[in-house]
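K.L.:
model the structure of this input:
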Amino acid sequence: QVQLVESGGGLVQPGGSLRLSCTASGFTISSYWMYWVRQAPGKGREWVSRINPDGRFTHYVESVEGRFTISRDNAKNTLTLQMNSLKPEDTALYYCARGDTRRFGTYDYWGQGTQVTVSS
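P.N.:
Model (predicted):
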């Protein structure tokens, strides 16, 4: 079955960096857009970044543009999010998600998430 497992979250001071990883199983990520999505306390889920199947095209929500970098390794079936210059407002549960091929911009599977807390 489809599984997505995130890792790499933690507590970091403002201005610090974290690298999130996602390992997929049960499907081959090379056929899908892949997403990083986050949900902050008391807020709805928002997509943070996405990457096309071959990795040539990436998109970011404006609030993380220039600070976060999404990448993928299709051979290893993994997705990564490098997060630099972290801010307290980046605090959230971060999920890796598989793009839904039926409707661009939506996702049909996601993992359990990894907590990122940015605080001094």
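K.L.:
nearest residue to L79 other than its sequence neighbours?
P.N.:
Nearest in space to L79, with sequence neighbours left out and distances taken as CB to CB, 6 or more residues apart in numbering, is C22 at 4.2 Å. Every residue, glycine included, has its C-beta placed from N, CA and C.
K.L.:
what is the one you found paired to in the beta sheet?
P.N.:
Legend: beta-bridge partners of C22 under DSSP bridges are E6, L79.
K.L.:
surely it and Q112 touch.
P.N.:
No: checked against CB atoms under 8 Å, the pair C22 and Q112 is beyond contact range at 10.8 Å.
K.L.:
more neighbours: the two, which one.
P.N.:
With other CB atoms under 10 Å as the criterion, C22 and Q112 differ in neighbour count, and C22 comes out ahead with 27 against 11.
K.L.:
enumerate every residue touching that one.
P.N.:
The contact partners of C22, by CB atoms under 8 Å, 6 or more residues apart in numbering, come to L4, V5, E6, S7, M34, W36, T78, L79, T80, C96, G111.
K.L.:
where does the third one land on pLDDT?
P.N.:
E6 carries a pLDDT value of 98.
K.L.:
tell me how many other residues crowd it.
P.N.:
Other residues within reach of E6 by the criterion other CB under 10 Å amount to 23.
K.L.:
wait, isn't it in contact with L81?
P.N.:
No: under the criterion of CB under 8 Å, E6 makes no contact with L81, lying 9.2 Å away.
K.L.:
shared neighbours of C22 and Q112, anything?
P.N.:
Both C22 and Q112 are in contact with V5, E6, where contact means CB under 8 Å, 6+ apart.
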